[in-house]
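K.L.:
got a sequence here, can you build the structure:
(chains A and B)
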2 protein chains.
Amino acid sequence: MVGKLEGNLVVGQSGGPTAVINASLAGVIQEAKLNSDIKGIYGMLNGIEGLLKEDMIDLRREAPLTIKKLHSTPSAALGSCRHKLGPDDYVKTLKILKAHDIHYFLYIGGNDSMETSHKISQAAEKEGYEMRVLGVPKTIDNDLEVTDHCPGYGSVAKWVAVSTMEAGLDTMAIGIVDKVKVIEIMGRDTGWITAASTLGKRSEDDPPHLTYVPEVPFDDGNFIEDVKKVYDRLGFCVVTVCEGLKDESRESLVASKKAVDTDSFGHKQLGGAADYLCQIVSSKLGLKARFDKPGTIQRVSMALVSKVDLKEAYIVGQIAVKEAAKGVTDKMVTLVRKPSKIYGCTTGLTELEKVANATKVMPRDFINKEGNGMTQEFRKYAMPLVGDPLPEYVKLKKVHIPKKLTT
Amino acid sequence: MVGKLEGNLVVGQSGGPTAVINASLAGVIQEAKLNSDIKGIYGMLNGIEGLLKEDMIDLRREAPLTIKKLHSTPSAALGSCRHKLGPDDYVKTLKILKAHDIHYFLYIGGNDSMETSHKISQAAEKEGYEMRVLGVPKTIDNDLEVTDHCPGYGSVAKWVAVSTMEAGLDTMAIGIVDKVKVIEIMGRDTGWITAASTLGKRSEDDPPHLTYVPEVPFDDGNFIEDVKKVYDRLGFCVVTVCEGLKDESRESLVASKKAVDTDSFGHKQLGGAADYLCQIVSSKLGLKARFDKPGTIQRVSMALVSKVDLKEAYIVGQIAVKEAAKGVTDKMVTLVRKPSKIYGCTTGLTELEKVANATKVMPRDFINKEGNGMTQEFRKYAMPLVGDPLPEYVKLKKVHIPKKLTT
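P.N.:
You can find the predicted model right below:
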């Protein structure tokens, strides 16, 4: 019978943790339990790096309540890794998979993980070992090709949108002292997450006033002019900036500009884009500037998780098992947006090879002409992924009391 | 009749914004509306700095729904400031207050604001101008004397506790790559907020593993030894650190250590304690270290607001108006913890002079002997202020699959 394949399943998590990657894991486990062909349900500890050391746990031994609670536990419960397999590693990995009678290989991760999965799939095929290899998409970076978006993105987008609204209100209140605030947001090569900082903006004067992404080469002079314009108009300025900003030569902004700065130990300075922007604001405009760099906190918040994201993350895990059970292999599950007015997604499949090591940058029409803000097109794309309406914070209308002594 | 005084009221917000300072403002406004002696209800824009420019708004002209929604809007809706009045300013301020027939002066802020209020109270008394001056406590720093704690603290404590749990889970998962995580938490001179990062810790191995506060002089050598011990035991390490760390000479750690580091513009490096700690971890231990610096985001989050804090912030605003109406002046409202087992607070009053410019550091018995963590005494004090139970994230029990190929 086509598709029938008895054996054990192994699942792993890879790359940066997210708020919802454990929901995908729960989806895989709960679906696998429903399938009588799937015997053992194993988890790689620290992804492929653990598998290479035969470091696996028995997920059937975890209490059903634990699996249920995984759904609302952020980060990667199995542990993660960033490990590139060498040619010998594939041979070794396959040996381990065979020894454990593993015929279902599910890997939850981003483009690097999809490359790893594809190569394992090829290695198995070459040796005539029947194994269903399925990729489950996960990355806050939202930079996987083919899929409409990536589980993990909606939640980081919501966190960044709300936190920017709130830090923006903070600067509006204390901007009389701290004139310029720069918020540094994650994203190595793309501005998807940084762009989400604009989702709570309801008018031109709402923070963030300026937003810079790696898709547009960054220019110090233009930036200083942009800040000056906002400051002259409002008396303060809130900037959101991607940690992965690049200059004209597509080099990382910070690496190129700060190469000369070494600390007292002779090491190149750590520190990032926001710190650098604060320095140039202070030196060129003489304005006090402070930066917030929430770092990993932004990607693992359950208080601001997107319900849509959480649900989709679970579904892509489930679907990967269902498809594998049907005989599908060497594919990644994708999210396909319905053309309907009301947001909804179905799932699809794509070749692992198509997503392996590819990076989807933001379309140019998501970024404004000036390269310092987002467009309505971006908003239409991203808003439904956040899942819930953003908070409505109130502003006073401020009817002034007539002055009696001064003019 | 003792206490009867007709006139206008002015209220202002000062210092760093918080998640609940607008709840105090709502408390003031709603209570003032109930009192027939209080005619105009005015708001200073940007605190005393606005008042000096006669910059006031009519809070009776704001819709009741706006005032209600202030309760759940973070930051300071009237705008804030950090302005120290000079001797001439007091004369001018009093002139403005008189010209506007203001007999109720309410100022929501920290120790600097209480000094300002006290001096204004003295200036009025000296001129025989009857004005009731009441301070409403507010500071995330939790460093006001006399009061059990300060509105704003419970909410930042909750944010820091939950975010450290989550960023801690993140490092547990990806610690195989990013070995050491340092989270920089606010606090100029005291470690109250940083200490709250430990509230989600349920066992020794839970993050944060090490916590450093300004109350204990920081020593690089001890720090490196502490990190090494944790790393050797667990393979990764999560550190929380107060931005205001001080060395043996009570100088700010960063200022003293980084004085030699200047950037390409010849300016002293911005950047903080966490950045510095990452650098020494990397240079002395050769471990990859990253830092998160959430900055102002931590103090204005509504998703993680403490319900207890929100309620108390409202009440201290209300009570300030009630006490002023009764004839009280030159006092700050305090929170007084009930001796009962179940947490509860009543309010009290203290002289503004007692809190003006004083700083309450953490008692030594809130900090462990080694100076790198908190004690149960701190936990007992702080936990009720967070308002809700902290999240229960699940851990897998991890029953290993017996190895077949490797040993």
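K.L.:
phi first, then psi, for the residue nearest the centre of chain A.
P.N.:
Nearest to the mean C-alpha position of chain A, by Cα atoms, centre = their mean, lies A:I140 at 0.8 Å. Note on A:I140: its backbone torsions stand at phi -60, psi -30 [degrees, to the nearest 10].
K.L.:
was I right to think it contacts A:T18?
P.N.:
Yes: the pair A:I140 and A:T18 qualifies as a contact (Cβ atoms under 8 Å) at a distance of 5.3 Å. Using the backbone N, CA and C atoms, a C-beta is placed for each residue, glycine as well.
K.L.:
what's downstream of the helix or strand of chain A with the lowest mean pLDDT, the next helix or strand?
P.N.:
Ranking every helix and strand in chain A by mean pLDDT, DSSP states H and E puts helix A:253-258 at the bottom, with a mean of 62. Next along the chain after helix A:253-258, taking DSSP states H and E as the criterion, comes helix A:273-280.
K.L.:
and the residue nearest to the centre of chain A, how far from A:A324?
P.N.:
As judged by Cβ to Cβ, to the nearest Å, A:I140 and A:A324 stand 25 Å apart.
K.L.:
is it fair to say A:I41 lies in a strand?
P.N.:
Yes: assessed with DSSP: H, G, I helix; E, B strand; the rest coil, A:I41 lies in a strand.
K.L.:
what about the helices in chain A?
P.N.:
A:21-33, A:47-51, A:64-70, A:87-99, A:111-126, A:153-174, A:192-195, A:220-234, A:253-258, A:273-280, A:307-326, A:352-355, A:376-386 (DSSP state H).
K.L.:
tell me, which of those helices is the model least confident about?
P.N.:
Here the lowest mean pLDDT among the helices of chain A goes to helix A:253-258, at a mean of 62.
K.L.:
list residues touching both of A:I140 and A:T18?
P.N.:
Common neighbours of A:I140 and A:T18, counting by Cβ atoms under 8 Å, 6 or more residues apart in numbering or on different chains, are A:152, A:155-156, A:299.
K.L.:
would CSV of those residues with distance to B:S75 and neighbour count be doable?
P.N.:
Compiled in CSV, the shared contacts of A:I140 and A:T18 are given as follows (distance: Cβ to Cβ, whole Å; neighbours: other Cβ atoms under 10 Å in any protein chain shown):
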residue, distance to B:S75, neighbour count
A:G152, 29, 32
A:S155, 24, 31
A:V156, 23, 31
A:R299, 24, 29
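K.L.:
adding distance to chain B, write those out as CSV.
P.N.:
Formatted as CSV, the shared contacts of A:I140 and A:T18 follow (distance: Cβ to the nearest Cβ, whole Å):
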residue, distance to chain B
A:G152, 12
A:S155, 12
A:V156, 12
A:R299, 7
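K.L.:
so which of the residues you listed comes closest to B:L405?
P.N.:
Closest approach to B:L405 among the shared contacts of A:I140 and A:T18 (Cβ to Cβ): A:G152, at 33.3 Å.
K.L.:
any idea what sits nearest A:L287, other than its immediate chain neighbours?
P.N.:
A:K179 (4.3 Å; Cβ to Cβ, 6 or more residues apart in numbering or on different chains).
K.L.:
cool, and A:I174?
P.N.:
B:S80 (5.0 Å).
K.L.:
can you pull the contacts of the one you found?
P.N.:
A:173-174, A:176, B:13-17, B:46-47.
K.L.:
distance of it from B:Q13?
P.N.:
Counting by Cβ to Cβ, the gap from B:S80 to B:Q13 is 5 Å.
K.L.:
shared neighbours, those two?
P.N.:
Shared contacts of B:S80 and B:Q13 (Cβ under 8 Å, 6+ apart): A:173, B:47.
K.L.:
quick revisit: tell me the pLDDT of the residue nearest to A:I174.
P.N.:
96.
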